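> here is a sequence together with a model predicted from it:
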Number of protein chains: 2
Amino acid sequence: MGCEQFMLAIDKSADDFLYRQVIDLITENIDSGTLRPGDRLPSLRRMSKRIDVSIPTVRQAYIELERQRRVESRPQSGFYVRGLNANELVRPAPRFRQSNKPVPVANRSLMDRVYEGLHQPDFVPLGIANPCMAKPAAKALHRAMKRVMARAEERSIGYAPSMGEPGLRRQIAFRYLDTIGSNVEPDNICITNGAQEALLLALQAVASKGDVIAVESPTYHGLLELIGSLGMLAIEVETCPEEGVTLSALRKTLDAHPVKVCLFSTTLNNPLGVSMPDDMRQELVNIIDERELVLIEDDVYGDLLFDGHRPKPAEMYSRSGNVLTCGSFSKTAAPGYRIGWLLAGRYRDAIMRLKRSYSCSSGLLQQLTLTEFLASGTYDRYLKTLRPVLQQNAQRTRALVAQHFPEGTRTSKPVGGAVLWIELPGNVNSAHLFDEAINKGISIAPGLIFSPCARYENFMRLSFGHPWSEEIEQSIVWLGRKVQELAGR
Amino acid sequence: MGCEQFMLAIDKSADDFLYRQVIDLITENIDSGTLRPGDRLPSLRRMSKRIDVSIPTVRQAYIELERQRRVESRPQSGFYVRGLNANELVRPAPRFRQSNKPVPVANRSLMDRVYEGLHQPDFVPLGIANPCMAKPAAKALHRAMKRVMARAEERSIGYAPSMGEPGLRRQIAFRYLDTIGSNVEPDNICITNGAQEALLLALQAVASKGDVIAVESPTYHGLLELIGSLGMLAIEVETCPEEGVTLSALRKTLDAHPVKVCLFSTTLNNPLGVSMPDDMRQELVNIIDERELVLIEDDVYGDLLFDGHRPKPAEMYSRSGNVLTCGSFSKTAAPGYRIGWLLAGRYRDAIMRLKRSYSCSSGLLQQLTLTEFLASGTYDRYLKTLRPVLQQNAQRTRALVAQHFPEGTRTSKPVGGAVLWIELPGNVNSAHLFDEAINKGISIAPGLIFSPCARYENFMRLSFGHPWSEEIEQSIVWLGRKVQELAGR
């Protein structure tokens, strides 16, 4: 292989870790086909010389690539590019390089139909990412709410302050301290109508109509729809299925386009279910700070990593205060309570006014109930029982897909949350699959809605956030058969 | 008096009723001082000749002016301009004519401080318009909610559809049919996070940053703050304390400025507490339709007219579908539930997408609870007991103000709702009064925040929406003494 071309890409003046640049370099060469399965990577010494970085740095990169299953080490021989595993997602969008520019958000009528499907009462709910429904906390929440109603009778139907019930804001701050050792000022937390309103307030506080917002590709359709509603433009940034946003791709995007805000999920992004390593978070924040951008973090799944380890949101790495984190209880307790929050940082006053003028305040009774739910320790105990249910559902779903979907199907390997991202054989249009599934009474999320410009036609998102059942099992089997059919046409 | 100048103002080609033009004509002449207290109006015959309209039309105008207490009839003699009654508000802003143009919304830091005062737990709450707290429905709502939790256990913590729980939308539609005989399609009702979000969605659906929004003067500060947050401009339209928006003033405003949307409360506007007569509503809608504008109606107090008669919202007069009505349960049942609605009309699909992308959906448990509360008839029975409490509170508040505030104080005469608009002697700055009251532990709403450009310095709004108490009585007496003091300086 020709290492010469590597020379161009390594930029020692850049602030990010050199070993990451080495990783990006090799990954790009694998993705472009320059390096193929079975090819041997240059030896550590040779690589070190050619691209002029130290041997330990190259070694660190190779080891990380092995961890990512992109290369494998063979004893006494060196590192080799791995062959594709039939069931393993390698790149979220093989055709990504075709074009990448800021675009208005498309597909909104398809989104309409997806949402319609979600609220048909008798449908099999494989289209909605609603982890806590896998083991609903309804009974415990109802008990807490009844205690609140008895204690705070008339007050509990009155207005909450615009920024939210002080007790709940203290509980949220305490959780940040307790789970990740981060100091969050309760006064800087704004309680919102779910994370969706937190995202709205954050975007409105820092950007305007026509501004360019960088998003992960693929990304949650709710973010795209919000960007579209505000008349902003979205530009996609490539991700890798193991680490989330590819930072080299992000840099290129930022160099080429007037991006104002990055709107990412560094922990358990939806639909990939991937979590960014800690050192990459720091690097991401460095990029944001250097370029004086704003990062809005959609961190609604952070409590739902299967292993229970909660990474620090990117905000905790920032010294500039240019990171705004959005959280929620919709994925971890009660979707219908519509209670989320925004760590408003230095935008606190602007956010408070926006919140007040957009919706006055959020529901007080639900805030008081969640305060009780958290303070009593019930929330934490509940999460401990929810995570293994989700993990088992994930394993079952992946196994069924491996067994019943046709060759050429690949799946993500989520480390938490409640969704599986699936690449179908190239000729399968998931919008057609969606139509067939709706007719059968099954809701799914077609890949097209996870991109502002209709990439991911042959992808779909499958949820495992409901109690496992024979019906769900049969529905996945049915979907596999239907994909076989569509692939065979 | 010289009737000649009247000739110019009557426009027989205009679609609105001629008698209203006659009323406007005379009112303007009284306001400008051309006609003074004690002056005799021209006889019916003479007026009819001079301005070339029929005698019955002139008579209709004179009778209406008498009803409005602007003129009085003396047997065998004719109609005379009335003298000012010491306690009666005549014009909401005597200095209105000084300037009137579209402006960005000012006073937001004063609004911050007013809101802070509202959420001090031990403050006497004379600053917040929260009618249902005068007789809280907490117990009945709690009972309904417990029934819902028992019946719809797990479902009740899940997501509602974006447009809202179908059962609640049917109940709201049924109420329109039942109380005013209007046919509203449940499918066109969007459930929102209080009326405030309904206003946000409505404004975003029909206008953009920089657009000019006509508002009543004075108007609810929450509307002004929303207009400000969206980067729109507000232009004030004069009102009269008996009928709300003055239509002749509206026409002049529309002629002179590029207004895109009118944002009015035709029923019980806040802070005047006045309700527009039915024929004026029709005329207002005609103006909207002719000029292809949009009217957004903030109709949150409609169920709270003291006499229980609910006028039709302006929307019901419209054939064009260019009227959007915002309603809420925050003033009539539970402020903290954050449940309002928007009659979205022909903007339904755009509104649905905005709602979905701004906050997904509204709280399901509260929606199910209100459905139960309405369907069981409890809501209507509750309103019947709430209205007389509010009316009595209003009378008591007016009587105390008449007794304890200095000469030159004038008050509105609300026909429903929970607020009294008070004009203080000209040299009293209500922002100073606000500061003194906050120090004393009393929250009030200073007049300045009811105008985008700080008119109404010597006005204030006093709420009577809490249970009457010795403490409230003493606070009003204290305020009166403080105003005496400030007026004497």
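That came through, no problem.
> near chain B, which residues of the stretch 51-200 of chain A?
Along the stretch 51-200 of chain A, the residues adjacent to chain B under the rule CB under 8 Å from any CB of the partner chain are A:108, A:112, A:115, A:118-119, A:128, A:130, A:133, A:136-139, A:141-142, A:145-146, A:149, A:153-154, A:156-162, A:193-194, A:196-197, A:200. Glycine gets a C-beta too; all of them are placed from N, C-alpha and C.
> I'd like to know which of these are buried.
A:108, A:112, A:115, A:118-119, A:128, A:130, A:133, A:136-138, A:141-142, A:145, A:149, A:156-162, A:193-194, A:196-197, A:200 (16 or more other CB atoms under 10 Å in any protein chain shown).
> among those residues, which lie within helices?
A:108, A:112, A:115, A:118, A:138, A:141-142, A:145, A:149, A:194, A:196-197, A:200 (DSSP state H).
> now, among the residues you listed, which is nearest to B:Asn188?
A:Asp112 (15.7 Å; CB to CB).
> am I right that that closest one is in contact with B:Ala350?
No - here A:Asp112 does not reach B:Ala350: they are 11.4 Å apart, not a contact under CB atoms under 8 Å.
> tell me which element A:Leu433 is part of?
Per DSSP states H and E, A:Leu433 falls inside helix A:430-439.
> check which helices and strands that helix sits against.
Counting by 3 or more CB pairs under 8 Å, 6 or more residues apart in numbering or on different chains; DSSP states H and E, the packing neighbours recorded for helix A:430-439 are helix A:108-118, strand A:445-446, strand A:459-463, helix A:470-488.
> let's see 6 Å
The helices and strands touching helix A:430-439, judged by 3 or more CB pairs under 6 Å, 6 or more residues apart in numbering or on different chains; DSSP states H and E, are strand A:445-446.
> could you pick out the longest strand of chain A?
What stands out as the longest strand in chain A, according to DSSP state E, is strand A:233-240.
> now do that one, average pLDDT.
For strand A:233-240, the per-residue pLDDT values average out at 94.
> show me the contact partners of the next helix or strand after it.
Next helix or strand after strand A:233-240 toward the C-terminus (DSSP H and E): strand A:244-245. Outside of strand A:244-245, the residues within contact range by CB atoms under 6 Å, 6 or more residues apart in numbering or on different chains are A:216, A:237, A:239, A:264, A:269, A:274, A:276.
> stretch A:26-36 too?
A:Val81.
> which residue does the stretch 351-489 of chain A bring closest to chain B?
At 3.6 Å from chain B, A:Leu364 is the closest residue in the stretch 351-489 of chain A, using CB to the nearest CB.
> what's the burial count for that residue?
Around A:Leu364 there are 26 other residues, counting by other CB atoms under 10 Å in any protein chain shown.
> and A:Val53, by the same measure?
A:Val53: 20 surrounding residues under other CB under 10 Å.
> ok, for it, nearest residue in space, not its chain neighbours?
A:Leu18 (5.1 Å; CB to CB, 6 or more residues apart in numbering or on different chains).
> hmm, A:Thr57 and the one you found touching each other?
Yes - using CB atoms under 6 Å, A:Leu18 is in contact with A:Thr57, at 5.0 Å.
> show me where the stretch 151-300 of chain A has helices.
Here the stretch 151-300 of chain A has its helices, by DSSP state H, counting those that start in this stretch, at A:166-180, A:194-206, A:221-229, A:247-256, A:278-290.
> adding distance to A:Glu457, write these out as a markdown table.
Below are these laid out as a markdown table (distance: least, CB to CB, whole Å):
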| stretch | distance to A:Glu457 |
| --- | --- |
| helix A:166-180 | 38 |
| helix A:194-206 | 26 |
| helix A:221-229 | 14 |
| helix A:247-256 | 21 |
| helix A:278-290 | 29 |
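> which ones are touching A:Val294?
A:206, A:261, A:322.
> who does it form a beta bridge with?
Counting by DSSP bridges, A:Val294 is bridged to A:Val261.
> could you measure it against A:Val323, distance?
7 Å (CB to CB, to the nearest Å).
> next: A:Asn100.
Per CB to CB, A:Asn100 is found 24 Å from A:Val323.
> so between these two, which is more surrounded?
A:Val323 (26 against 19).
> what's the pLDDT at that one?
So A:Val323 comes in at 94 (pLDDT).
> could I get the buried residue list for the helix holding A:Leu433?
A:430-431, A:433-434, A:436-438.
> how about stretch A:203-219?
Neighbour counts over stretch A:203-219 (16+ other CB under 10 Å) mark A:203-207, A:211-219 as buried.
> and what of stretch A:180-195?
Neighbour count says stretch A:180-195 has A:184, A:186, A:188-195 buried, by 16+ other CB under 10 Å.
> nearest to chain B among these?
For these, the minimum distance to chain B (CB to the nearest CB) is 4.2 Å, reached by A:Asn193.
> I'd say that closest one and B:Thr192 touch.
No - using CB under 6 Å, A:Asn193 makes no contact with B:Thr192, being 9.9 Å away.
> contact partners for the residue nearest to A:Glu297 when sequence neighbours are not counted?
Spatial nearest neighbour of A:Glu297, chain neighbours left out: A:Thr325 (4.5 Å); criterion: CB to CB, 6+ apart. Contact partners of A:Thr325, counting by CB under 6 Å, 6+ apart, are A:297, A:299, A:313, A:315, A:343.
> check A:Ser156 too.
Contacts of A:Ser156 (CB under 6 Å, 6+ apart): A:148-149, A:365.
> A:Leu343 now?
Applying CB under 6 Å, 6+ apart, the residues near A:Leu343 are A:315, A:325.
> identify the farthest-apart pair in the ones in helices among the buried ones among the residues of the stretch 51-200 of chain A next to chain B.
A:Arg108 and A:Met149 (39.7 Å).
> and stretch A:210-222, how far out from the chain middle?
Centroid separation for stretch A:210-222 versus its chain: 11 Å, with CA atoms, centre = their mean, to the nearest Å.
> CA atoms only for that stretch - export them in CSV, please.
The C-alpha coordinates for stretch A:210-222 follow below in CSV (Å, rounded to 0.1, in the frame of the first residue of the first chain):
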residue,chain,number,x,y,z
GLY,A,210,-31.2,30.7,7.8
ASP,A,211,-28.4,29.6,10.1
VAL,A,212,-26.6,26.3,9.4
ILE,A,213,-26.9,23.6,12.1
ALA,A,214,-24.5,20.6,11.9
VAL,A,215,-26.2,17.3,12.8
GLU,A,216,-25.0,13.7,13.1
SER,A,217,-25.8,11.5,10.1
PRO,A,218,-28.0,9.7,10.8
THR,A,219,-29.8,11.7,13.5
TYR,A,220,-33.1,11.7,15.4
HIS,A,221,-35.9,13.0,13.1
GLY,A,222,-37.3,15.2,15.9
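> contacts only, for A:Ala137.
By CB under 6 Å, 6+ apart, the contact list for A:Ala137 reads A:333, A:382.
> quick check: residues of the stretch 351-489 of chain A near chain B?
Where the stretch 351-489 of chain A comes near chain B, counting by CB under 6 Å from any CB of the partner chain, the residues are A:354, A:357-360, A:363-364.
> need the contact list for the residue of the stretch 351-489 of chain A closest to chain B.
By CB under 6 Å, 6+ apart, the residues touching A:Leu364 are A:160, B:336.
> redo that, cut-off 8 Å
A:Leu364 is in contact with A:155-160, A:165, B:336, counting by CB atoms under 8 Å, 6 or more residues apart in numbering or on different chains.
> ok, so of these, who is nearest B:Thr385?
Nearest member of the contacts of A:Leu364 to B:Thr385, counting by CB to CB, is A:Ile157, at 16.1 Å.
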